[in-house]
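Student: sequence and predicted model, in that order:
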Amino acid sequence: MTDQVTRIQVGGSAGHDPYDVLVGRQLLGELGSLIGTRAKRVAVIHPEALASTGEALRDDLAEQGFEAVAIQVPNAEEAKTVEVAAYCWKALGQSGFTRTDVIVGVGGGATTDLAGFVAASWLRGVRWVAVPTTVLAMVDAAVGGKTGINTAEGKNLVGAFHPPAGVLCDLAALDSLPVNDYVSGLAEIIKAGFISDPVILDLIESDPQAARTPAGPHTAELIVRSIRVKADVVSSDLKESGLREILNYGHTLAHAIEKNERYKWRHGAAVSVGMVFAAELGRLAGRLDDATADRHKAVLASVGLPLTYRGDQWPKLLETMKVDKKSRGDLLRFIVLDGLAKPTVLEGPDPAVLVAAYGEVAA
Ligand SMILES: NC(=O)c1ccc[n+]([C@@H]2O[C@H](COP(=O)([O-])OP(=O)(O)OC[C@H]3O[C@@H](n4cnc5c(N)ncnc54)[C@H](O)[C@@H]3O)[C@@H](O)[C@H]2O)c1
Ligand SMILES: O=C(O)C(=O)C[C@@H](O)[C@H](O)[C@H](O)COP(=O)(O)O
Ligand SMILES: [Zn+2]
């Protein structure tokens, strides 16, 4: 599977333009055609860690005749700030970037979230192409058009739905990814397994150690299966008016942990703890069977993801969860499972049940 190119179409049926996610190797030759002939200028937004990749892409695009600029931004969550967005807007303004010009976001989910947001906000929306270079960005962040930045008050509080024109997942990029960032992406893959495609869980459980590296036998299949889960959901509900909420499984607590840690925790690590909490919530609400709830801890721990967070932080986490995007007025809402691959919404759980569920993750 690793040497072939898999093409997954996203959208088309819900009023937004369809685009393709390509998964394979040596895909960057596709970039010029995705950018298209109307563009004169291209801005390549990349993190510090990928300085040489960003500059090589810029040089390549310049050779293809574009006026190409590289915009280097900080690594990880430090890029998802209004100050960094403003720095990008300034660079676009100074390059004379017009509505037919194109942004390329190369990097992990933090970079693609930022690049997509800059594309959504510049001149009220220009085209952008995502070149995700982490597992997490390939299977989740770069697909589906949720773009945004954080504020001191919470995760992704400012953003826009602005789908890319295409997504290029070059598996070779994963070879340089630090193992903790690789494993962080497995949390979103495991999420896709629990909400929709249990074969994902079987593949990881068959050899958890191998799942921790890009050389594992199931890497491409895990990535493709997870992208299909996401593509199916966002194709029918781009703007999260219903079904798309299932992709937020584990995220209500995760985002509160990330804010509490001032965005220093990896997103996937927080999602891992959040899924243990959500599984326990489902079990205590009488929806989820014990075996499936316990399977969360087993599979997450088997790849080295965390299961616990500080017990004394519960009051602060609860306050933050109240302003989660799924809340409606004073009503707290969580995604839980009615069973394996049966996600549903749990509205306004009894506060005592919430405390008891947190007891399962409290360290
Ligand atoms: N928009 C969405 O739908 C969506 C979905 C899931 C997650 N997200 C967001 O994605 C972000 C997390 O993304 P992430 O896990 O990719 O982390 P990240 O973007 O922070 O990247 C992790 C680190 O790896 C570096 N890096 C990236 N690619 C590399 C490579 N190939 N080799 C070496 N280093 C590399 C980055 O510079 C960074 O330091 C969070 O902000 C999260 O909120 C968004
Ligand atoms: O695409 C979605 O929808 C998701 O919820 C996917 C999540 O994995 C992702 O972390 C997303 O950025 C969360 O969005 P938010 O709306 O809860 O900020
Ligand atoms: Zn996520």
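Tutor: Here it is on my side, so go on. Ligands and ions are numbered 1, 2, ... in the order given.
Student: got a list of what the residue in the stretch 201-350 of the chain that ligand 1 sits nearest to touches?
Tutor: Taking CB to the nearest ligand atom as the measure, the point where the stretch 201-350 of the chain comes nearest ligand 1 is His267, at 4.0 Å. Every residue, glycine included, has its C-beta placed from N, CA and C. If you count contacts by CB atoms under 8 Å, 6 or more residues apart in numbering, His267 has them with Gly109, Leu136, Ser184, Ala187, Ala254, Glu258.
Student: and it, how far is that from Asp289?
Tutor: Distance, His267 to Asp289, using CB to CB, to the nearest Å: 28 Å.
Student: got the contact list for stretch 316-328?
Tutor: Here stretch 316-328 has contacts from 153-154, 156, 240, 245, 248, 251-253, 255-257, 259-260, 309, 330, 332-335, 345, 354, 358, using CB under 8 Å, 6+ apart.
Student: again but with stretch 197-214, I slipped
Tutor: Counting by CB under 8 Å, 6+ apart, 171, 174-175, 177, 179, 182-183, 186, 189-190, 192-194, 216-219, 221-222, 225-226, 228-229, 295, 298-299, 302-304, 340-341 sit against stretch 197-214.
Student: picking up where we left off before, of the contacts of stretch 316-328, just the buried ones, ChimeraX syntax please.
Tutor: Those of those that count as buried under 16 or more other CB atoms under 10 Å are selected in ChimeraX with:
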select :154,156,240,245,248,251,252,253,255,256,257,259,260,309,332,333,334,335,354,358
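Student: which of the contacts of stretch 316-328 fall within helices?
Tutor: In helices, judged by DSSP state H, the following of the contacts of stretch 316-328 are found: His251, Thr252, Leu253, His255, Ala256, Ile257, Lys259, Asn260, Leu354, Tyr358.
Student: distance of the residue nearest in space to the middle of the chain relative to ligand 1?
Tutor: Per CA atoms, centre = their mean, the C-alpha nearest to the average position across the chain is that of Ala141, at 2.7 Å. Per CB to the nearest ligand atom, to the nearest Å, Ala141 is found 3 Å from ligand 1.
Student: give me the nearest residue to that residue, chain neighbours excluded.
Tutor: Gly109 (3.0 Å; CB to CB, 6 or more residues apart in numbering).
Student: how many neighbouring residues does that neighbour have?
Tutor: 28 (other CB atoms under 10 Å).
Student: contact partners for it?
Tutor: Pro132, Thr134, Leu136, Ala137, Asp140, Ala141, Ala142, His267.
Student: most neighbours, which of the residues you listed?
Tutor: Neighbour counts for the contacts of Gly109 peak at Ala142, which has 32 neighbours (criterion: other CB under 10 Å).
Student: Gly166 is in contact with that one, correct?
Tutor: No. If you go by CB atoms under 8 Å, Ala142 and Gly166 don't touch, sitting 9.9 Å apart.
Student: who in the protein is up against ligand 2?
Tutor: Asp140, Gly144, Lys146, Lys155, Asn156, Glu188, Glu240, Arg244, Leu247, Asn248, His251, Lys325 (CB under 6 Å from any ligand atom).
Student: all good on my end, thank you.
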